[in-house]
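**Q** sequence and predicted model, in that order:
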Protein chains: 2
Amino acid sequence: MKTNRDEYTAYNMWLQRGRRPDLPHFDVEGPDTCYFALRECLEGLERLNGTCKPAGSANAGVKLNIDKTLPPEGYRIDGGTQVVTINGADTNGLLYGVFAFLSELGRGGSYNQLSLSSAPAVSRRVINHWDNMTGAVERGYSGKSLFYRDNAFSYNPERIKDYARFLASVGINQLSINNVNVTAVSARLITEDLLPEVSKLAAIFRPYGIRLIISIDFESPKSLGRLETADPLDPSVERYWREAAELVYRHVPDLAGFLVKADSEFRGGPASIGRTQADGANVIARALAPFGGTVYWRCFVYNCTQDWRDTVTDRPKAAFENFYPLDGKFEDNVILQIKNGPSDFQVHEPNSPLFGRMNHTAQASEFQVTQEYTGQQIDLYGLAVQWQEFFDAPVSKDRITRELVGKEITAITAVGSAGDDENWTGGLLAQANLYAFGRLAWDPSLSARQLTEEWIGLTFGPDEALNPLTEMILASRGVYEKYNAPLGIGWMVNPGNHYGPSVDGYEYMKWGTYHRADTVAIGVDRTDKGTNLTAQYDPWVGAVYNSKETCPEGLLLFFHRLPYDYRLRSGKTLIQHIYDTHFEGAEDVEGFIETWDTLRPSLPEAAYQSVRNRLTLQLANAREWRDVVNTYFYRKTGIKDEKGRLIH
Amino acid sequence: MKTNRDEYTAYNMWLQRGRRPDLPHFDVEGPDTCYFALRECLEGLERLNGTCKPAGSANAGVKLNIDKTLPPEGYRIDGGTQVVTINGADTNGLLYGVFAFLSELGRGGSYNQLSLSSAPAVSRRVINHWDNMTGAVERGYSGKSLFYRDNAFSYNPERIKDYARFLASVGINQLSINNVNVTAVSARLITEDLLPEVSKLAAIFRPYGIRLIISIDFESPKSLGRLETADPLDPSVERYWREAAELVYRHVPDLAGFLVKADSEFRGGPASIGRTQADGANVIARALAPFGGTVYWRCFVYNCTQDWRDTVTDRPKAAFENFYPLDGKFEDNVILQIKNGPSDFQVHEPNSPLFGRMNHTAQASEFQVTQEYTGQQIDLYGLAVQWQEFFDAPVSKDRITRELVGKEITAITAVGSAGDDENWTGGLLAQANLYAFGRLAWDPSLSARQLTEEWIGLTFGPDEALNPLTEMILASRGVYEKYNAPLGIGWMVNPGNHYGPSVDGYEYMKWGTYHRADTVAIGVDRTDKGTNLTAQYDPWVGAVYNSKETCPEGLLLFFHRLPYDYRLRSGKTLIQHIYDTHFEGAEDVEGFIETWDTLRPSLPEAAYQSVRNRLTLQLANAREWRDVVNTYFYRKTGIKDEKGRLIH
């Protein structure tokens, strides 16, 4: 199949123009209530054709239809030579059916053989924006905010509409619009000042089936409500939240809810006034309940002013300690939003021990599409591999995390990666992660390979010559891991910007992130001989982690303190493994560049150049990591590389 | 002698009110041309008395007199029961004589026995302000700028006058008004836009004998003059500087000159266009010469993007490499402004090798009153001890640095420490450093003890109970050194803010500051077996540094790479010395607090509390340094503390 590569622009991400110039001209028809899906279908087909054909020239048809027997938001597509029928459970389902249809065509599929049906695994598929109203995006690597400038709303509605379309096309249906670190300005998003603006933004997202979420400040009863306290048990505070909810829903009747970062990293919360996390979440939840709103209550609660000399406190234990005892104490419309791992979006972590152990509380798994610790959209890092690792991880002898989805896990969320860079995600290949997240939130059983192939097919056209790119993206997480902090120990990054190596950067700081490497050993013992984090897991899972012999090797230094001469399963010593992987990681990036160069004939030149530039930066970063980490451990251990390579 | 402690305010620094209520009422007379000195004398006497006595109640007299036989700016005071005569070589000399007289009285001296004469060691005694026009002060620890806010001049003229008085009272006679890192805004200080404002500020400082200096941007011919180049050999550039100088001197006829940071830390300069530092300095110098202006050309030129893997480049060698070959090539009105040491204001450095080796070029020694690496006006650090170490250091077998003063060294400069904090210097005891710098620039033979006693006497009154404070200030540099980076190795600070410990903070960065500690040894070999920095010194001096046996022990790790089991002169191993000094340093700070508490009855309560708060912060800092440094080296060496103390 021939695609029109000349029409490629990075802006269009996975909805490129001219992918199927061979398509017939379709007529699209359906009930008036489905007008929006109908229009998106027509536009999508014209986009694929690369042209807008004159009316009356149709030689095939698409029929849209609401079929209420389908599961919520689900769709079923029945192909045919003359007419393709897209059935949706509701307007969202219809829209998702349309995008599924367009995706099939975009990747070279034929419409007449098509038979597809699907429904989402969870009803809440959420992107969190960490956008500040100043226009800066916290941990954003793609330019400025899409929504704000200079402490006010400021956007191009057409661009927002395009963004909404991208998100809908991969199944996202909720979006939080402001940073969880709420400022004095963004706290006012729930007040009369800014709600009219929130309402306008919601109106752009609404037709795409996307409902907004507002991040709120737990201290609002004081800062905005002029109360003496934010105590959730105080009747005036209860009243404050009720009135705030009434006001908010008057402006945005379909708001999905509030997102709350409380008692976390210097933010106020219930613990600071002697109340539980449940007390804090529930008072807000009761206020939102009449309007169908949800409280997303983040579990990222830990002591961020730990003394590094304190070896008893163990940060990865904090979320479980704070929330597990409260299982069942939350209102039904509270969802505990739990980062995938117990640390903080590191390259390799075990799952949070809360997953699988809280059976009476709704949970959201929180991922990070924005690549804070994973290459910042400079270094190539296909996140789908890591996310699938999350879903595959056992929560007990008989059950894996994926089986919680749609049961305990009622929402799948991620910190977004889109900013106002022309290509949305800074690094072009980082588009694949935004794509994969949406698709996985819809269906966590999709393989990383399939998602990667889909994205490549849609973005660059179905072309077997690009198969090496699939392999490159699938390999990229492993490569990044090789040149970074070894075996799950994490954190060896420059404080502040979180990019580039600094082995001791966080070692003597207050953030609870220590490797405690000395001249003979490295790591924090989190087994039953140490901080006993392993006991927070289901006994079977905990036992796996607790033993050096059964612990997945990628997590060995997460759970165990080991001497440098410890023999890994490969037969290598730990120190030799560190040296080898770091040399290999940088070599692998050289290999990426070679591979990428061979793909040049199959790629739009602008895309080739753009990624080539990032890969060059990645190579410098990989070499810096290699040399800093190897030198650090060589200087610390005095143990030479067996292969005699250059360690500085 | 009884002083009136109730009148103490930190704002008044060493010119406190009510120090001598016992003084008679003086009449002050002198020629009209000396009106300003006369008024300062009268006001000063009234300040000491604590009252303004009615005219006609005089019972003693002060006579001011110009005596042109005295050396420039010098004075001679002849005491007497009825009349004290203050002779000045010129109006500056008279003013300095007045302040010397007031200082004697303020510290309890009697006027009738007085016989004093003095003249400055150098004619340029300079404070450099690193004030940005935004109002922020680079490396400032005392609030905001005294001169600027929001990219414009903004000050209280009365406060500036008070500042000028403080500076004049210790002999400062030049002041640069803006950061050497010149911005687009401050570059315009030499244009018609801002010169009227410079002129107004100069008018406040002028009566106090203080001439202004402007920090300029070497790239101004391009940025302001709209030329294609800033090439100093280009005639249009020569013309640009000539016209700029004419304009500047039309507004400020007594401007002392320009200060230039070129080819340094990402700033433009002659090297970037293939010219020498002499080419660069001379073109500006020729422009200033007709107006008697000086170019202060900083020698802080080094590679700030060094690869840490590069062990050949050695930053401390850079200034010598760049400037020594140009000795004698500079115009007469160029002064090379050389930081005291070859690194950057660290706690313990050798002197710059340029001192004593450039015999045909005028030099300024540059110190730092603002405590960037020396405690940031939180930790007590009496800088006079360190400055005297500088002057005492040999430049050859027969000559010490102090002997260059007034010969090769024609200016003594320092980065200032004053900001808009009520007490001017943030930490109250940091006032002592500003005092000591001015006095030392006047007379580098003054001992640190004498300067400290003078400052205490003037500030808190002459009180033997305060003698322990003298000892505390004199000991403070040694104490700080104990708990910081050991034996002259420097730099183990947090990158960016330069406070608090981070042993590897700069180790893998681009700034050329490495300790290269591994499991057996630490340090950079700068001897003839290593980078050969020692060869930049006079052969006799170089030989002293080159040998571990003769190198001053405080500089041992500056010049030598040593194993941890190296025996110091004390008989201790290097590692044990590190442990011992770090434990001692923190204990010594506890001792400071005990001492300070015993002084409470002799101190104004506000002063007691203010310093007490800083000492508490210092103790936390000292303990953090102790633990981080000791843990770092324990983890790296595996060698236990002989005394079995707690190392984390």
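**A** All right, it came through fine. Numbers count the residues shown, from 1 in each chain, chains lettered A, B, ... in the order given.

**Q** show me which helix runs longest in chain A.
**A** helix A:605-637 (DSSP state H).

**Q** what sits against the closest residue to chain B within the stretch 251-400 of chain A?
**A** Here the stretch 251-400 of chain A gets closest to chain B at one residue, residue A:309, 4.5 Å apart by CB to the nearest CB. C-beta here means a position set from N, CA and C on the backbone, and glycine is covered the same way. Shown in contact with residue A:309 (CB atoms under 8 Å, 6 or more residues apart in numbering or on different chains): B:627, B:648.

**Q** and it, how far from residue B:643?
**A** Relative to residue B:643, residue A:309 is positioned 19 Å away (CB to CB, to the nearest Å).

**Q** now for the helix or strand where residue A:387 lies, which elements pack on it?
**A** Using DSSP states H and E, residue A:387 sits in helix A:383-392. Applying 3 or more CB pairs under 8 Å, 6 or more residues apart in numbering or on different chains; DSSP states H and E, we find helix A:383-392 packed against strand A:362-368, helix A:431-442, helix A:448-460, helix A:467-483.

**Q** show me which positions of the second one end up buried.
**A** Right, the one you point to is helix A:431-442. A:431, A:432, A:433, A:434, A:435, A:436, A:437, A:438, A:439, A:440, A:441, A:442 (16 or more other CB atoms under 10 Å in any protein chain shown).

**Q** quick check: mean pLDDT across it?
**A** Looking at helix A:431-442 alone, the average pLDDT works out to 98.

**Q** and stretch A:326-338, which residues are buried?
**A** A:326, A:329, A:330, A:331, A:333, A:334, A:335, A:336, A:337, A:338.

**Q** list the contacts for whichever residue of the stretch 351-500 of chain A sits closest to chain B?
**A** Here the residue of the stretch 351-500 of chain A nearest chain B is residue A:496; by CB to the nearest CB that distance is 8.2 Å. By CB under 8 Å, 6+ apart, residue A:496 lies in contact with nothing.

**Q** same deal with residue A:166?
**A** Applying CB under 8 Å, 6+ apart, the residues near residue A:166 are A:13, A:14, A:15, A:424, A:434.

**Q** if we can go back for a sec, among the buried residues of stretch A:326-338, which ones are in strands?
**A** Using DSSP state E, A:334, A:335, A:336, A:337, A:338 are the members of these that sit in strands.

**Q** residue contacts, the fourth one?
**A** Contact partners of residue A:337, counting by CB under 8 Å, 6+ apart, are A:259, A:296, A:297, A:298, A:299, A:363, A:364, A:366, A:411, A:413.

**Q** now do the first one
**A** Taking CB under 8 Å, 6+ apart, we find residue A:334 in contact with A:278, A:281, A:282, A:285, A:294, A:295, A:297, A:361, A:362.

**Q** recalculate using a threshold of 7 Å.
**A** Residues counted as contacts of residue A:334 (CB atoms under 7 Å, 6 or more residues apart in numbering or on different chains) are A:281, A:282, A:285, A:295, A:297, A:362.

**Q** picking up where we left off before, okay if I get the buried residues of stretch A:326-338 as JSON lines plus pLDDT and distance to residue B:631?
**A** As requested, the buried residues of stretch A:326-338 are exported to JSON lines (pLDDT from 0 to 100; distance: CB to CB, whole Å):
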{"residue": "A:326", "pLDDT": "98", "distance to residue B:631": "37"}
{"residue": "A:329", "pLDDT": "98", "distance to residue B:631": "41"}
{"residue": "A:330", "pLDDT": "98", "distance to residue B:631": "42"}
{"residue": "A:331", "pLDDT": "98", "distance to residue B:631": "46"}
{"residue": "A:333", "pLDDT": "98", "distance to residue B:631": "48"}
{"residue": "A:334", "pLDDT": "98", "distance to residue B:631": "42"}
{"residue": "A:335", "pLDDT": "98", "distance to residue B:631": "42"}
{"residue": "A:336", "pLDDT": "98", "distance to residue B:631": "37"}
{"residue": "A:337", "pLDDT": "98", "distance to residue B:631": "36"}
{"residue": "A:338", "pLDDT": "98", "distance to residue B:631": "33"}
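
**Q** so for the longest helix of chain A, what gets flagged as buried?
**A** Neighbour-count burial for helix A:605-637 [16+ other CB under 10 Å]: A:607-608, A:610-611, A:614-615, A:618-619, A:621-637.

**Q** and stretch A:316-323, by the same measure?
**A** Under 16+ other CB under 10 Å, the buried positions of stretch A:316-323 are A:316, A:317, A:318, A:319, A:320, A:322, A:323.

**Q** with stretch A:234-245 instead?
**A** Those would be A:234, A:237, A:238, A:240, A:241, A:242, A:244, A:245, for stretch A:234-245 by 16+ other CB under 10 Å.

**Q** touching, residue A:401 and residue A:355? I think so.
**A** Yes - assessed by CB atoms under 7 Å, residue A:401 is found in contact with residue A:355 at 5.6 Å.

**Q** residue ranges of each domain in chain A, please.
**A** A:5-118, A:124-460, A:483-524+A:561-637 (automatic domain parsing).

**Q** related to what we said a few turns ago, CA atoms of the helix holding residue A:387 as PDB?
**A** Output in PDB follows, covering the C-alpha atoms of helix A:383-392 (Å, rounded to 0.1, in the frame of the first residue of the first chain):
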ATOM      1  CA  LEU A 383       6.800   3.400  28.200                       C
ATOM      2  CA  ALA A 384       4.300   0.800  27.100                       C
ATOM      3  CA  VAL A 385       6.800  -2.000  28.000                       C
ATOM      4  CA  GLN A 386       7.000  -0.600  31.500                       C
ATOM      5  CA  TRP A 387       3.300  -0.200  31.800                       C
ATOM      6  CA  GLN A 388       2.700  -3.800  30.700                       C
ATOM      7  CA  GLU A 389       5.200  -4.900  33.300                       C
ATOM      8  CA  PHE A 390       2.900  -3.100  35.800                       C
ATOM      9  CA  PHE A 391      -0.200  -4.900  34.600                       C
ATOM     10  CA  ASP A 392       1.600  -8.300  34.500                       C
END
